[in-house]
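# model the structure of this input:
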Amino acid sequence: MLLVSGCLSQQKPSPLPVFSQAGTPIPVPTSVISPLNADHVSLLAQWGKGNLNQVAYSPNGKQIAVASSLGIYLYNADTLEEVRLITTDANIQCVSFSPNGELLASGADDGTVELWRSTDGTHVRTLIGHRSIVWVVAFSPDGTMLASGGSSYSSGESAALQLWRVSDEKLLYTLEGGGIEVHDVAFSPDGALLASSLDAGKKVRLWRVDDGSLVRTFEDQSPYMNQINSVAFSPDGIILATASMDKTVQLWRVSDGTLLHTLDGHTDDVEDVAFSPDGAIIASASRDNTIRLWKASNGEAIRILTGHLSRVGSLAFSPDGTNLVSGSFDDALRLWRVSDGTLLQAVEGYTIWVKDLAFSPDGKMLASASGNHVVRIWNVFDGTLAHTLEGHTGWINDVAFSPNGTMLASADGSGRLWRVSDGALLLIFEAPEGNFYSTVAFSPDGAILASGASGYVQMWQLPGGTPLRKVECKNETLTAENKIIEGIYSLAFSPDGTFFVIAFNFNGTQFWQTSNGSLLKVVRDATGTLAFSPDGELLAAGRSLIHVSDGSIFRVLKDHQSTGESVAFSPDGILVATTSSDNAVLIWQLSNGQLLQTLKGHSDKIRSIAFSPDGKLLALGSDNGTVLIWGIP
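Here you go, the predicted model:
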């Protein structure tokens, strides 16, 4: 436990204007959600900008496009002020401008390729041919053709690289080169060649555009099996750059496939690579949270751009080469000056999946745990961000408010304790080497903080964070090879605090005495997110409702799609909400198990649900990176 008190040039960000989408104010809900009005529950607000998947500059340099889980954002390239959001039903994975800037092409996780008019966001046409996620789209230099690459639909087929004629959406041909995903494609500057990278080994294939024939294969010379994530031609077409999972960028001579240079320096996978318009500089983006600039002529390192807090997945040079835009899992779109690495502007508010949610006891705040290493605390009724809590280094699995609402605990492998009033970090709880804390829970009196790890629950005395008790609670799963000690999926104290319950990752729920750490009972066939009914008589373990008194199953809430990954009781104990595998949320009447309402229309999986303390709101955390607020309008 830690008590928190207050050779290459690495360019660190200086203070700069930051634009952020805070949220959408919530219309004042009219009543508590109940069996009588559950069929009128409606979406009131959506907070967050969604996942940031790819960035692209317009040919005239005036706009930047962002592919996101909510659609396509268009920004003023100088100020990063939002110009337009082209909303879509599917998660947009990639985006590309046509050479004349009039069209935008996008690829989505539903297998569609769409064309849009960039000036007003009007939908032009849909290109149907892929059967699974489309990861990349690219226009030919003359704008007459569009290449798209995606995932295979099943294990028995190759990933699809398709070439389309833009004018009439005709599929010209499909190139199948093995593997299950096409990660990137790039046209040569003269439009005669097309390079593609696949997950099949360390190879890049070079195709002739006019007839689809294979010209040659570039094979990574690394001794390790690593996939190629990105490809880029130099402006003169002589060099092909590849970005690899072996942490390097490699430069190849296109004419004969000779490897010219290997650019070493990144400490993790290289996700994207791009040439400056004059061909003098290469930029690379990495999972090590940095961007590196290199001299294209000899591979010499120029500088490192630091400031992103998570993996950098996409970048693009402005057409005049003066600026560079980057997108990261840290929720930010950043604009850099190439000449000296200065950070010019940033747009925050992008997120990856929301893993957990928690309302403050007074219902005025909502905490959301994100896969991009931050916790956000929202002001509920105006949708603004009160605090963004930074410092975690992994995916945050769990958040919980203290009973008096003054502290917030979070877990990403380590545990952290924050002061809610100002977002200050109070304590860090580090797990022993080889283990991690995956859950957090406060005792009802706020005197104990507990966290689950593989094989035990650790308790600390608050407010000081002194270790109080370690409760050994192993659950072994037999595999074909050995026994595995299961991790703890969820942890919850009983409403009176006399005992706590843990649910394991695969199977089994255990009840333990708080005072002495003794095992009380085991329920073998129930697991999942845990929640007690307000009166403490029932425990929800996923979709299973358990009698606390004897561990017997009271009812299983199940329809053909119900998964029970997340579950929540309404504050009055009349309703139960559960998640569904078809991205819906189900609202049930507890007394008779009747399904009252199905909340549909979510583009991605719902991972977390929470009722507000007054029972008027139901908050959902989505894989598309947003928080959705439902209630009676």
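
# send the alpha carbons of stretch 543-557 over as PDB?
Backbone C-alpha positions of stretch 543-557 (Å, rounded to 0.1, in the frame of the first residue of the first chain) are rendered in PDB as follows:
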ATOM      1  CA  ARG A 543     -29.200 -13.900 -13.800                       C
ATOM      2  CA  SER A 544     -29.500 -16.300 -10.900                       C
ATOM      3  CA  LEU A 545     -31.500 -15.000  -7.800                       C
ATOM      4  CA  ILE A 546     -30.400 -16.800  -4.600                       C
ATOM      5  CA  HIS A 547     -32.000 -17.000  -1.200                       C
ATOM      6  CA  VAL A 548     -29.400 -15.600   1.100                       C
ATOM      7  CA  SER A 549     -30.700 -17.600   4.100                       C
ATOM      8  CA  ASP A 550     -29.900 -21.100   2.700                       C
ATOM      9  CA  GLY A 551     -28.300 -20.500  -0.700                       C
ATOM     10  CA  SER A 552     -31.100 -22.000  -2.700                       C
ATOM     11  CA  ILE A 553     -32.100 -20.700  -6.100                       C
ATOM     12  CA  PHE A 554     -35.200 -18.400  -6.000                       C
ATOM     13  CA  ARG A 555     -35.400 -17.800  -9.700                       C
ATOM     14  CA  VAL A 556     -33.300 -17.600 -12.800                       C
ATOM     15  CA  LEU A 557     -34.000 -14.600 -15.000                       C
END
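
# gap between it and the chain center?
33 Å (C-alpha atoms, centre = their mean, to the nearest Å).

# contacts for it, please.
494, 509, 511, 521-523, 525-526, 528, 532, 536-540, 558, 562-564, 567, 576, 578, 586, 588, 590, 593 (C-beta atoms under 8 Å, 6 or more residues apart in numbering). All C-beta atoms are positioned from the backbone trio N, CA, C, and that covers glycine.

# if we go to 6 Å?
521, 523, 526, 537, 538, 539, 558, 562, 564, 578, 588, 593 (C-beta atoms under 6 Å, 6 or more residues apart in numbering).

# repeat that for stretch 160-176.
125, 127, 129-130, 144-150, 158, 182, 196, 207, 212.

# so where's this structure uncertain?
Along the chain, segments meeting pLDDT under 70 span 1-23, 153-159, 177-179, 199-202, 220-226, 475-486, 559-564.

# what's around the nearest residue to residue 447 once chain neighbours are set aside, how many residues?
What sits nearest to residue 447 in space, not counting adjacent residues and going by C-beta to C-beta, 6 or more residues apart in numbering, is residue 462, at 5.9 Å. When neighbours are counted by other C-beta atoms under 10 Å, residue 462 registers 21.

# again, but for residue 311
What residue 311 shows, counting by other C-beta under 10 Å, is a neighbour count of 18.

# how about the contacts made by it?
Neighbours of residue 311 in contact, by C-beta under 6 Å, 6+ apart: 287, 329.

# also the one 10 residues further on?
Residue 321 is in contact with 276, 277, 278, counting by C-beta under 6 Å, 6+ apart.

# a strand runs through the last one, doesn't it?
No: inclusion of residue 278 in a strand is not indicated when DSSP: H, G, I helix; E, B strand; the rest coil is applied; the result is coil.

# so it versus residue 42, what's the distance?
53 Å (C-beta to C-beta, to the nearest Å).

# ok, so of the contacts of residue 321, who is nearest residue 65?
When the contacts of residue 321 are compared for distance to residue 65 (C-beta to C-beta), residue 277 wins out at 17.4 Å.

# how about the nearest residue to the closest one, chain neighbours excluded?
residue 321 (4.6 Å).

# next one: residue 453
Residue 453 sits nearest to residue 435 (C-beta to C-beta, 6+ apart), 4.8 Å away.

# neighbours around that neighbour, how many?
Using other C-beta under 10 Å: residue 435 sits among 16 other residues.

# do I have it right that it meets residue 454?
Yes: Residue 435 is within contact range of residue 454, at 5.5 Å (criterion: C-beta atoms under 6 Å).

# so who does the one residue sitting closest to the centre of the chain touch?
Nearest to the mean C-alpha position of the chain, by C-alpha atoms, centre = their mean, lies residue 352 at 2.2 Å. The contact partners of residue 352, taken as C-beta under 6 Å, 6+ apart, are 51, 329, 371, 372, 625.
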